[in-house]
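**Student:** sequence first, predicted model second:
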Amino acid sequence: SVAGPGAPVASPTTGTSRPSTAAARAPVRETTSEAPSASITVMFATGSAMLTPEAERALAPLGRALASQELAGYRFRIEGHTDTVGDAGVNQALSERRAAAVREYLVNKFRVSPQRLEAIGLGETQLLVPTPPQTPNARNRRVQVVNIGS
């Protein structure tokens, strides 16, 4: 484990989770990244990149973990994602603004060095839940934080 217990980025997520019973179940996909990562649920108002109070509460444990000594030597990529509702170009720009908003919040509130955080938008290109065009799905509207090493 890279970080201490309870840190959202501490448990590497490899893209699947194992069923807790021996029953033959399909793995539940938690993240679209193969690197150690945390999928953080950060809700935004439709068409907005402004963090809500709920989003700030969801980001607080991550901010504390990133500011900790255990993670001080690591860099992270903040990936913004959208669902398939709307124009792909608009979704791309919106995902970039949302990732940037999360980065700025972590830098300003938790004093995480900006050099350690890279914000990118992936729009609707890496859906967590495959959906047809123009299909709303809250699980696809997410921010994913990936540990990209030292």
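**Tutor:** Yep, that arrived. Residues are numbered from 1 along each chain as shown.

**Student:** in this structure, which spans are helices?
**Tutor:** Listed in chain order, the helices of the chain (DSSP state H) span 53-67, 88-110.

**Student:** just the strands in this protein please.
**Tutor:** Using DSSP state E, the strands of the chain run over residues 37-40, 75-80, 117-121, 143-149.

**Student:** and these as JSON lines, adding mean neighbour count, distance to residue 49 and mean pLDDT?
**Tutor:** Yep, even glycine has a C-beta here, placed from its N, CA and C like the rest. Below are those laid out as JSON lines (neighbours: other Cβ atoms under 10 Å; distance: least, Cβ to Cβ, whole Å; pLDDT from 0 to 100):
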{"stretch": "strand 37-40", "mean neighbour count": "22", "distance to residue 49": "15", "mean pLDDT": "69"}
{"stretch": "strand 75-80", "mean neighbour count": "23", "distance to residue 49": "9", "mean pLDDT": "94"}
{"stretch": "strand 117-121", "mean neighbour count": "18", "distance to residue 49": "10", "mean pLDDT": "97"}
{"stretch": "strand 143-149", "mean neighbour count": "21", "distance to residue 49": "11", "mean pLDDT": "89"}
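
**Student:** winner for burial among the helices of the chain?
**Tutor:** Greatest average neighbour count among the helices of the chain goes to helix 88-110 (a mean of 19), per mean count of other Cβ atoms under 10 Å.

**Student:** now do that one and strand 143-149, the angle between them.
**Tutor:** With axes from the mean of the first three to the mean of the last three Cα atoms, to 10 degrees as the basis, helix 88-110 and strand 143-149 are set at 70 degrees to each other.

**Student:** of all the strands of the chain, which lies closest to residue 90?
**Tutor:** Set against residue 90 and scored by Cβ to Cβ, these come closest in strand 117-121, at 11.2 Å.

**Student:** sheet partners, orientation included, of the closest one?
**Tutor:** The pairing partners recorded for strand 117-121 under DSSP bridges are strand 75-80 (parallel).

**Student:** so what touches the strand it pairs with?
**Tutor:** 9, 33, 66, 94-100, 102-103, 106, 115-122, 126, 143-150 (Cβ atoms under 8 Å, 6 or more residues apart in numbering).
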